[in-house]
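Novice: quick one, structure for this:
(one chain, ligands or ions: 1)
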Amino acid sequence: MFKKILIANRGEIALRVIYACRELGIATVAVYSEADEHALHVRFADQEICIGPPRPMDSYLNVPAIITAAELSGADAIHPGYGFLSESGYLAEAAEACGIAFIGPPPAVLRLMGDKSEARRAMKSAGLPVLPGTEDPPESVDEALEAAQGLDYPLILKASAGGGGRGMRIVREQGELEHAWRTAGQEAQAAFGDGRLYLERYVEAPRHIEYQVLADGHGSVVHLGERECSIQRRHQKLIEECPSPVLTERQRLELGELVTGAAAAVGYRNAGTFEFLMDGDDRFYFLEANARLQVEHPVTEMVTGVDVVKEQIRVAAGQPLSVTQQGITWNGHAIECRINAESPVTFRPSPGLVRVFSIPGGPGIRIDTAAHADCTVPPYYDSLVAKVIAHGVDRAEAVARMRRALSMTVIEGIETSVPLHLRILDEPDFRDGKLSTAFMDRFAGG
Ligand code: MV4
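Specialist: Residues are numbered from 1 along each chain as shown. Just a heads-up that it's a prediction; the model follows:
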């Protein structure tokens, strides 16, 4: 097993990785930017190394600085958390070249999943259902027009190098394709240095349902069931839950088997998430795979009892998974609300000094946060300040516990999304589990 892990991240997820390391008896190294000198992940790590100025490009995205910190501290592995360099083939390869394990998939798998068009093709070959679309990204607008002839509108253009909703264009009819092609291509080129686009049939107001998988390097792949993440705004998820309110046990196991088979087919290792759309006829279509730990992993942990971060560490160290598919059961229901430092009305970021910070615990409540009274939320990073996770015997109890916890939450000094969450929880459609990616359209600023 590893003796020392460097955590190439900050905030609540850096702390979450420290929790797992402490439980496994592994020493930790925090890296931090000048804006995070007083952060809790720095306080609780066994060692800390400042890697640069606040801007992400100068610190948390600086691969040479992170590799140097790992070498200096004698870390034998790097955990990248989510965001930042978590899906960087460059960091994974650089670490391996230095004899340091990357706690993630092999670099080749990272690169495959990073190309969303290639990932779609690979997953289709591996047996996952995909929407009608292009197998190879069209190389010109003429090729795109030709490909669209064989598909039904509306269509969606997506950046091959994109993901998570960036660089997408809905195309309602043939007359719009040429303009959308050019503007989306330019946008993708500017954002990712790669202007390639692919086409898919567009599904209106779908549900977003994703599978959590775990894979070791010994041929064992299991799934921990699905999460429903349909409550999102501008591709930022706000509320996630496990299980989906609409999936039957039978559907869960059927699709789960397809997903684990597909993960095995590409030599997946690590925790991973396979995203699907569910259309109005309850049909599933693979969208993309995320080759990292995700923000919303706690809802799966609450319902299955599996520690996803510990499993990531185990399999990166070459050990087998500690769980088998037979041993995985789903107990009750869990919901996560992401508390952001932002206006609940305009959604504008609200960084600054937190004066009061109190979120109640009590039965069924888990809080993942690196915030505390008198801490500062820096303006340089994403605005997530806490994840409140509520577990109950069923969805109604989980929702009631979430309501209870959020209604007794006191955060002063910054604005937060707590009032927005309380409004969402009281929506009849939310209570009834009638969710879709269009749910937030009813809220101002959505
Ligand atoms: C789609 C789609 C409809 N049809 N693809 C957005 C995130 C990225 N992973 C893929 N996304 C979508 N792809 C087809 N063919 C609608 C979305 C989408 C969406 C998906 C999941 C969660 C929220 C969303 C919000 C808007 C659009």
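Novice: which residues in the stretch 301-446 of the chain form helices?
Specialist: When secondary structure is read from DSSP state H, counting those that start in this stretch, the stretch 301-446 of the chain shows helices at 308-316, 395-407, 418-425, 428-431.
Novice: can you redo these as a markdown table with mean neighbour count?
Specialist: Any C-beta I mention is one placed from the backbone N, CA and C, and that applies to glycine too. A markdown table is the format used below for the helices of the stretch 301-446 of the chain (neighbours: other CB atoms under 10 Å):
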| stretch | mean neighbour count |
| --- | --- |
| helix 308-316 | 22 |
| helix 395-407 | 18 |
| helix 418-425 | 19 |
| helix 428-431 | 12 |
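Novice: take those and write them to JSON lines, including distance to the ligand and mean pLDDT.
Specialist: Shown next, in JSON lines, are those (distance: least, CB to the nearest ligand atom, whole Å; pLDDT from 0 to 100):
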{"stretch": "helix 308-316", "distance to the ligand": "20", "mean pLDDT": "98"}
{"stretch": "helix 395-407", "distance to the ligand": "20", "mean pLDDT": "98"}
{"stretch": "helix 418-425", "distance to the ligand": "15", "mean pLDDT": "98"}
{"stretch": "helix 428-431", "distance to the ligand": "16", "mean pLDDT": "98"}
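Novice: please save the CA atoms from stretch 163-180 in PDB.
Specialist: The C-alpha trace of stretch 163-180 is given here as PDB (Å, rounded to 0.1, in the frame of the first residue of the first chain):
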ATOM      1  CA  GLY A 163     -17.800  17.600 -22.100                       C
ATOM      2  CA  GLY A 164     -19.900  18.700 -19.200                       C
ATOM      3  CA  GLY A 165     -22.000  20.800 -21.600                       C
ATOM      4  CA  ARG A 166     -19.300  23.200 -22.800                       C
ATOM      5  CA  GLY A 167     -19.300  24.100 -26.500                       C
ATOM      6  CA  MET A 168     -22.700  22.600 -27.400                       C
ATOM      7  CA  ARG A 169     -25.200  23.900 -29.900                       C
ATOM      8  CA  ILE A 170     -28.800  22.800 -30.500                       C
ATOM      9  CA  VAL A 171     -29.700  22.700 -34.200                       C
ATOM     10  CA  ARG A 172     -33.500  22.700 -34.800                       C
ATOM     11  CA  GLU A 173     -33.500  22.500 -38.600                       C
ATOM     12  CA  GLN A 174     -31.100  22.100 -41.500                       C
ATOM     13  CA  GLY A 175     -31.000  25.800 -42.200                       C
ATOM     14  CA  GLU A 176     -29.300  26.400 -38.800                       C
ATOM     15  CA  LEU A 177     -26.600  23.800 -39.200                       C
ATOM     16  CA  GLU A 178     -24.000  25.800 -41.200                       C
ATOM     17  CA  HIS A 179     -24.000  28.800 -38.800                       C
ATOM     18  CA  ALA A 180     -24.000  26.600 -35.700                       C
END
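Novice: now do the contacts for the most centrally placed residue in the chain.
Specialist: Centroid check for the chain by CA atoms, centre = their mean gives Q294 as the closest residue, at 3.4 Å. Each residue near Q294 by CB atoms under 8 Å, 6 or more residues apart in numbering is listed here: Y82, E210, Q212, T273.
Novice: and the second one, how many neighbours does it have?
Specialist: Which is E210. The burial count assigned to E210 is 26, neighbours taken as other CB atoms under 10 Å.
Novice: could you do the last one as well?
Specialist: Using other CB under 10 Å, T273 has 22 neighbouring residues.
Novice: so it makes contact with Y211?
Specialist: Yes: assessed by CB atoms under 8 Å, T273 is found in contact with Y211 at 6.7 Å.
Novice: shared neighbours, those two?
Specialist: By CB under 8 Å, 6+ apart, T273 and Y211 have no common neighbours.
Novice: name the nearest residue to P53, ignoring sequence neighbours.
Specialist: E34 (5.4 Å; CB to CB, 6 or more residues apart in numbering).
Novice: that should have said P351, apologies.
Specialist: P379 (4.1 Å).
Novice: any idea of the pLDDT on that neighbour?
Specialist: pLDDT, P379: 98.
Novice: quick one, phi/psi of the residue nearest to V315 when sequence neighbours are not counted?
Specialist: In space, and not counting its chain neighbours, V315 is closest to D216: 4.2 Å by CB to CB, 6+ apart. Main-chain dihedrals, D216, degrees, to the nearest 10: phi -100, psi 180.
Novice: and whatever residue of the stretch 1-150 of the chain ends up closest to the ligand, what element?
Specialist: Closest to the ligand within the stretch 1-150 of the chain is L131: 4.9 Å, counting by CB to the nearest ligand atom. Using DSSP states H and E, L131 falls within no helix or strand.
Novice: who's in contact with it?
Specialist: Contacts for L131 (CB under 8 Å, 6+ apart) come out as E200, R201, V203, L277, Y285.
Novice: quick one: the fourth one and the ligand, what's the gap?
Specialist: Looking back up the chat, that one is L277. 6 Å (CB to the nearest ligand atom, to the nearest Å).
Novice: swap in the third one?
Specialist: Relative to the ligand, V203 is positioned 4 Å away (criterion: CB to the nearest ligand atom).
Novice: use 21 as the first number from now on
Specialist: Noted, 21 is the first residue going forward, which turns the last one into V223.
Novice: next one: that residue, what pLDDT does it get?
Specialist: 97.
Novice: and it, how many residues sit next to it?
Specialist: With neighbours defined by other CB under 10 Å, the count for V223 comes to 18.
Novice: returning to what we had before: of the helices of the stretch 321-466 of the chain, which is nearest A168?
Specialist: A168 lies closest to helix 448-451 among those, at 33.9 Å (CB to CB).
Novice: quick one on the thing from earlier: tell me if I'm right that the residue nearest to P73 and G72 touch.
Specialist: Yes: the criterion here is CB under 8 Å, and E54 meets it with G72 at 7.2 Å.
Novice: shared neighbours, these two?
Specialist: Common contacts of E54 and G72 (CB under 8 Å, 6+ apart): S79.
Novice: who has more neighbours out of those two?
Specialist: Between E54 and G72, counted using other CB under 10 Å, the more crowded position is G72 (18 against 15).
Novice: quick check: bridge partners of that one?
Specialist: S53 (DSSP bridges).
Novice: contacting residues for it?
Specialist: By CB under 8 Å, 6+ apart, the contact list for G72 reads S53, E54, D78, S79, N82, A85.
Novice: show me the longest helix that occurs in this protein.
Specialist: Assignment by DSSP state H gives helix 194-212 as the longest helix of the chain.
Novice: list the buried residues for that one?
Specialist: By neighbour count, with 16 or more other CB atoms under 10 Å as the criterion, the buried positions of helix 194-212 are E196, L197, A200, W201, A204, G205, E207, A208, Q209, F212.
Novice: let's have those in JSON lines, adding pLDDT and distance to the ligand.
Specialist: Formatted as JSON lines, the buried residues of helix 194-212 follow (pLDDT from 0 to 100; distance: CB to the nearest ligand atom, whole Å):
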{"residue": "E196", "pLDDT": "97", "distance to the ligand": "16"}
{"residue": "L197", "pLDDT": "96", "distance to the ligand": "15"}
{"residue": "A200", "pLDDT": "96", "distance to the ligand": "14"}
{"residue": "W201", "pLDDT": "96", "distance to the ligand": "16"}
{"residue": "A204", "pLDDT": "94", "distance to the ligand": "13"}
{"residue": "G205", "pLDDT": "93", "distance to the ligand": "18"}
{"residue": "E207", "pLDDT": "92", "distance to the ligand": "15"}
{"residue": "A208", "pLDDT": "93", "distance to the ligand": "14"}
{"residue": "Q209", "pLDDT": "92", "distance to the ligand": "19"}
{"residue": "F212", "pLDDT": "92", "distance to the ligand": "14"}
